[in-house]
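S.K.: Return a 3D structure for these sequence lines:
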Amino acid sequence: MAVPRLSYRNGRHYEHDGQRYSSVTEVLGILSREGLAAWREGLCARLGREAGMAEARRISAGSSAVGRSLHKMIEKYVGNEDPGDDPEGLEVSARSLLGAAMPYLSRIDNVAAQELPMLSRRWRVAGTVDCVAEYLGRPAIIDFKNSRRPKRREYLEGYMLQTAWYSMIWEENTGQRIDDLVVVVCNWDMTVDVACGRRAAYEAGVEDVVERWRAERAGSGGESG
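M.R.: Numbering: from 1, shown residues only. Predicted coordinates for the structure are as follows:
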């Protein structure tokens, strides 16, 4: 499968053949921006501006560190490799999160790709899909998340949009349509939530987000994505 390799630059853009592509997660970030801003403001109201912003950065960095370690462990586990041990300094054990998720990860088989960077010339975006494999015997786009606390299903819809978009980009690159979407969320209380859906239910939502993103970029004078 001829999928271009990409370089991730400054946490915001991918580059390929000298062209810049906005990341899928950056574009989808417009869905959570208001909620994140309200969360930060709440911390600032409780702790003061400087301390509140510092606490927001600490929490975000801690969650990202756990997420990076967990993704590496899941990738190795799904690939039948030793997932290894936790690095020092994590707020919660990624290895323990992996253990909680193993009954659900065991449903994954016939892996086609893991941590695969892809670009879309149609939307001029790029992203890295966590896993393309069979889940319970059906081809699926699979995404892995971690969360400090369990979320209600409606708060997982952004994740479902992300997997739907990856499915659409996968089809653009390979010609294979994959309809099943799976999001596995490892909560820090060692519970696991699994959200499943069908791509057709989210395709219009992807197009809507893209239009909002393009309108916002055009209004700010930024390059279109």
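S.K.: Quick one: list the elements packing against the longest strand along the chain.
M.R.: Under DSSP state E, the strand in the chain containing the largest number of residues is strand 108-120. Applying 3 or more CB pairs under 8 Å, 6 or more residues apart in numbering; DSSP states H and E, we find strand 108-120 packed against strand 13-16, helix 49-78, strand 125-135, helix 157-174. Just so you know, the C-beta spots here come from the backbone N, C-alpha and C atoms, and that holds for glycine as well.
S.K.: Buried residues in it, which are they?
M.R.: The neighbour-count check on strand 108-120 (16 or more other CB atoms under 10 Å) flags I108, A112, A113, Q114, L116, P117, M118, L119, S120 as buried.
S.K.: and it with strand 125-135, angle?
M.R.: Regarding strand 108-120 and strand 125-135, their directions subtend 170 degrees when assessed with axes from the mean of the first three to the mean of the last three CA atoms, to 10 degrees.
S.K.: Strand 108-120 to helix 157-174, inter-axis angle?
M.R.: 80 degrees.
S.K.: Dump strand 108-120 to CSV, keeping only the CA atoms.
M.R.: Provided in CSV are the C-alpha atoms of strand 108-120 (Å, rounded to 0.1, in the frame of the first residue of the first chain):
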residue,chain,number,x,y,z
ILE,A,108,-8.4,-7.2,17.5
ASP,A,109,-7.1,-9.5,14.7
ASN,A,110,-5.6,-9.4,11.2
VAL,A,111,-3.9,-6.0,11.7
ALA,A,112,-3.4,-4.1,8.5
ALA,A,113,-1.7,-1.0,10.0
GLN,A,114,-0.7,0.6,13.3
GLU,A,115,0.3,4.2,13.9
LEU,A,116,0.2,4.9,10.2
PRO,A,117,0.5,8.5,9.0
MET,A,118,-1.8,9.4,6.1
LEU,A,119,-2.5,12.5,4.2
SER,A,120,-5.6,13.6,2.3
